[in-house]
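**Q** quick one, structure for this:
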Amino acid sequence: MKKRMVALLCAGLVAASLAGCSGKKADAPAEPKATEAAGSEAAGSEAATEAAKANTDFPKKNIKIIVPYDAGGGVDITTRILAEAAGKDYFNGHSLIVENMAGGGAVIGQTAVANADPDGYTLLAYTSAVVNNPLLKDVTFTLDSFKTLGMVCFDPEILVVPPNSPYKTWDEFVAYAKENTVKVATPGHSTSHHIAAIQLAKEYGLKFEYLHNDSASVQMQQLMGGHCDAAMMAAGETVSQIGDGTIIGLAVGAEERVADIPDVPTFLELGGTMVNGAFRGYACPAGVPDDVYQVLCEEFDKIATSDKFITGMKDAAIPYSYKNAADFQAYANQCYKDIEALVPELKGSK
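**A** Numbering: from 1, shown residues only. Got it, this is the predicted structure:
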């Protein structure tokens, strides 16, 4: 898989709020109390101002972003693009350091961030696996273990096969998979790609067996090495390979054809219903203090909407789609409700 350069993330500047107190006008004897109240208010204001100044000291060192997948996949590439865009122009001149911590369908990395010191120096590359894993696996964290910083990508699902596959079109694939078991590679049990494959098999009555791993790069190796018949991936992870003929795209789960792979039809135009994809964004441990969280959110907003980051995403053929912290959290919460309805079926699949 072609190497793409790199980097990302993070989040923003601080705002401190303080509440003033007011007193009721009184008779002459009460004037000293009013003076005391005014003095207290001034003291409180001064303390809040000093606290706000202290808050701007964050961060005092580099910030680490844990990518819970192997290097080379879409989440890793997106994060490195974000880190590259950030450079030393944000976070008081400190850098964003990308660390891969793959395993367990993202559980290992997610658990590490959930349990990290909530000081704002450890962030998570946050994907739909954060929604799925607490519902489907025995994990020690929940959706509420994290606070979102923002979403930067929505990448539609795509079904791909190797060039020597006996089926070169979606119709040929469906005809074969209705009669024969097809081994489909995914980047982990209960990931958005696994769920999409289950939904696809259910809609068309297909016979799927799953080969789970920890990243798109491993999926590609398995596909090219003949270890599986097909793979359910994010479209952005396949653009280069489809373009040079390394793999064949059969159908994509977008409302319209993806501009970078215009010859791949959508499931909709093929008579199906699937519009599905993987989201990518960033989050911090839920216990991060509000003032630090504000810095992270505001800085992240600046980086994620910068020309440098958007251009980097376009050059890497990764679909850019931005949601701020609040909107991203609402979206993740809705995804949780949607996946919750599929839990019995997912727990019964391998």
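**Q** spit out the contact partners of the most centrally placed residue in the chain.
**A** Among the residues of the chain, R280 comes closest to the average C-alpha position under CA atoms, centre = their mean, at 2.4 Å. Listed by CB atoms under 8 Å, 6 or more residues apart in numbering, the contact partners of R280 are 74-75, 78, 125-127, 151-155. C-beta: built from backbone N, CA, C; applies to glycine.
**Q** sec struct for L159, please.
**A** Here L159 is strand, with the state taken from DSSP: H, G, I helix; E, B strand; the rest coil.
**Q** quick one: it from C228, how far?
**A** With distances taken as CB to CB, to the nearest Å, L159 is found 12 Å from C228.
**Q** cool, C297 as well?
**A** For C297, the distance to C228 equals 40 Å [CB to CB].
**Q** pLDDT score for the nearest residue to the residue nearest to the centre of the chain once chain neighbours are set aside?
**A** Excluding its sequence neighbours, the residue lying closest to R280 (CB to CB, 6 or more residues apart in numbering) is C153, at 4.1 Å. Per-residue pLDDT puts C153 at 94.
**Q** C153: which element?
**A** strand 146-161 (DSSP states H and E).
**Q** so which bits of the following helix or strand past that strand are buried?
**A** Beyond strand 146-161 on the C-terminal side, the first helix or strand identified by DSSP H and E is helix 170-179. Neighbour counts using 16 or more other CB atoms under 10 Å place 170, 173-174, 176-177 of helix 170-179 among the buried residues.
**Q** quick one, helix 170-179 and strand 146-161 angle?
**A** Comparing the axes of helix 170-179 and strand 146-161 via axes from the mean of the first three to the mean of the last three CA atoms, to 10 degrees yields an angle of 90 degrees.
**Q** how many other residues sit next to the closest residue to N180 other than its chain neighbours?
**A** Nearest residue to N180 in three dimensions, chain neighbours excluded: K207, at 6.6 Å (CB to CB, 6+ apart). Other residues within reach of K207, judged by other CB atoms under 10 Å, total 12.
**Q** circling back to that earlier point, who has more neighbours out of C297 and C228?
**A** Comparing C297 with C228 by neighbour count (other CB under 10 Å), the higher total belongs to C297, at 25 against 21.
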